[in-house]
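Novice: Dropping the sequence and predicted coords here.
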Amino acid sequence: MTNFLAQAPTFDANWRAVVLFGRNVASYKFALAKTLLEIAARDDERVPLEELAAPFARHLCEHLRLVDKQTTSPSSKFLDACRTFNRGELSEDALIGTTARLGFNNVLDAFHVVGGGPVPMRFFEDERNGGRGGGAIRLTDNLRNLTISLQGGGLADEAEARWRLVETAWYLDLPRAGIAVQADAAQDLLYLPADHRIRRTSLTRVRGALNGYQRGRCFYCRNEVPLAATEVDHFFPWVLKERGEMRDADNVWNLVLACRTCNRGERGKFAAVPSDRLVARLHERNNWLVDSHHPLRETIMLQTGVDREARASFLRLRQRIALDALVHKWQPAEVGKDD
């Protein structure tokens with residue numbers, strides 16, 4: 001387990017640990033995360049599996065239309081039912097019944113597990129009959145508090161972004177294919193570049209993919225910022241690429257999310273070089289991307305190095321390049337203190 005949660009054991013950090021760092025053999029955890037966020041405000045905290053099944057199956061059916069591979073297992077009766085529904089050969093009632101019977105067998109047990117055990121905060125309690133088949137779940141105050149927090153509005157986008165990255169990695173068998181996710185900061189887009197095997201593939205928004213790793217805070221001042229108010233920024237300024245001095249400045253390792261004040265306010269970073277403390281923070285963020293497994297793991301390792309020391313050396317070299325070209329260092333006044 002990474003130190004991501006230990007540094008800030010808040011509602012949103014517990015949730016993000018589940019979505020970002022849990023190991024996945026199927027995409028059910030993402031579908032359940034989006035479902036829980038969707039139903040969190042309901043009056044009755046007890047949710048029968050038949051009611052949970054409708055939004056849960058809907059999210060999976062929507063993704064199956066995009067990418068058919070939603071598990072690393074060779075077969076799934078539940079996913080086959082979703083495919084049959086998508087072809088118009090199964091009624092919605094029948095799909096909900098199948099989902100309630102088969103769709104939750106493992107995901108309810110595994111949802112809160114990250115690394116070797118569960119996260120400290122639970123977002124629902126399992127009230128199935130004997131833990132298997134039938135029954136219900138009970139939503140907790142942790143979930144309700146999470147969704148009404150400043151971070152709550154962006155969590156569905158974060159789960160969707162993580163889902164798109166993982167399902168695409170499975171579909172392309174990404175680790176062996178050796179394809180690194182690329183970024184288009186101007187369009188707020190992560191994508192896979194075209195090669196002889198695939199066409200260019202749009203994946204998800206940069207902001208949705210990276211926000212969770214910053215715990216919803218400006219990378220620089222640590223002020224808490226709603227996802228919609230964040231701006232994508234080049235940590236080492238983009239002008240270095242424009243001059244040909246840092247041709248990889250558009251890569252994922254160099255992109256962070258910032259508040260408007262730090263990005264382009266009166267005392268913002270602009271073309272200055274971030275301080276040593278901020279370089280260390282970028283190193284930690286990039287290691288968290290590696291800890292989150294494919295495809296960002298493979299991307300960061302390909303771009304910056306296969307182990308922590310290699311990645312630290314990579315950033316030190318980039319910092320020297322930036323200082324030689326731009327001279328001035330920059331460090332904002334920090335508002336938040338979560339690290």
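Specialist: Thanks, I have it. Owing to the predicted nature of the structure, the values given are computational and were not obtained by experimental measurement.
Novice: so where's the stretch 201-339 of the chain shaky on pLDDT?
Specialist: Scanning the stretch 201-339 of the chain for pLDDT under 70 picks out the ranges 335-339.
Novice: What ranges does it have for its helices?
Specialist: According to DSSP state H, counting those that start in this stretch, the stretch 201-339 of the chain carries its helices in the segments 206-210, 239-242, 260-264, 276-291, 296-304, 308-326.
Novice: Let me see the ranges of the strands in the protein.
Specialist: Per DSSP state E, the chain carries strands over the ranges 46-48, 113-114, 117-118, 124-127, 136-139, 182-184, 189-192, 201-204, 231-234, 255-258, 273-274, 329-330.
Novice: Make JSON lines from these and add mean neighbour count and distance to Val25 to it.
Specialist: Yep, even glycine has a C-beta here, placed from its N, CA and C like the rest. Shown next, in JSON lines, are the strands of the chain (neighbours: other C-beta atoms under 10 Å; distance: least, C-beta to C-beta, whole Å):
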{"stretch": "strand 46-48", "mean neighbour count": "15", "distance to Val25": "24"}
{"stretch": "strand 113-114", "mean neighbour count": "18", "distance to Val25": "12"}
{"stretch": "strand 117-118", "mean neighbour count": "12", "distance to Val25": "17"}
{"stretch": "strand 124-127", "mean neighbour count": "17", "distance to Val25": "19"}
{"stretch": "strand 136-139", "mean neighbour count": "20", "distance to Val25": "21"}
{"stretch": "strand 182-184", "mean neighbour count": "18", "distance to Val25": "27"}
{"stretch": "strand 189-192", "mean neighbour count": "21", "distance to Val25": "22"}
{"stretch": "strand 201-204", "mean neighbour count": "17", "distance to Val25": "21"}
{"stretch": "strand 231-234", "mean neighbour count": "20", "distance to Val25": "31"}
{"stretch": "strand 255-258", "mean neighbour count": "24", "distance to Val25": "29"}
{"stretch": "strand 273-274", "mean neighbour count": "24", "distance to Val25": "38"}
{"stretch": "strand 329-330", "mean neighbour count": "16", "distance to Val25": "43"}
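Novice: who wins for proximity to Thr10 among those strands?
Specialist: strand 113-114 (14.9 Å; C-beta to C-beta).
Novice: Now do that closest one, average pLDDT.
Specialist: Confidence for strand 113-114, expressed as mean pLDDT, is 92.
Novice: just to revisit the earlier point, distance to Arg101 for the strands of the chain - can I get that in TSV?
Specialist: Putting these into TSV (distance: least, C-beta to C-beta, whole Å) gives the following:
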stretch	distance to Arg101
strand 46-48	13
strand 113-114	23
strand 117-118	25
strand 124-127	16
strand 136-139	14
strand 182-184	42
strand 189-192	36
strand 201-204	32
strand 231-234	43
strand 255-258	41
strand 273-274	53
strand 329-330	57
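Novice: Let me see the domain layout of this protein.
Specialist: Domain assignment for the chain, taken from automatic domain parsing, gives 4-147, 162-330.
Novice: Determine which of those domains approaches Gly154 most closely.
Specialist: Nearest of the domains of the chain (C-beta to C-beta): domain 162-330, 2.9 Å.
Novice: who's in contact with the residue sitting nearest the centre point of the chain?
Specialist: By C-alpha atoms, centre = their mean, the chain has its centre lying nearest to Arg162, at 3.9 Å. By C-beta atoms under 8 Å, 6 or more residues apart in numbering, the contact set of Arg162 is 19-20, 30, 209, 212, 292.
Novice: do that again at 7 Å, thanks
Specialist: 19-20, 30 (C-beta atoms under 7 Å, 6 or more residues apart in numbering).
Novice: swap in Cys259?
Specialist: 218, 221, 223, 225.
Novice: The second one: neighbouring residues, count only.
Specialist: As a burial measure, the neighbour count of Cys221 was computed by other C-beta atoms under 10 Å and equals 17.
Novice: do the first one as well
Specialist: Neighbours of Cys218 under the rule other C-beta under 10 Å: 26.
Novice: Would you mind confirming that Arg83 is in contact with Arg65?
Specialist: No - in this structure Arg83 lies outside contact range of Arg65 using C-beta atoms under 7 Å: 9.5 Å.
Novice: Thanks again, I'm all set now.
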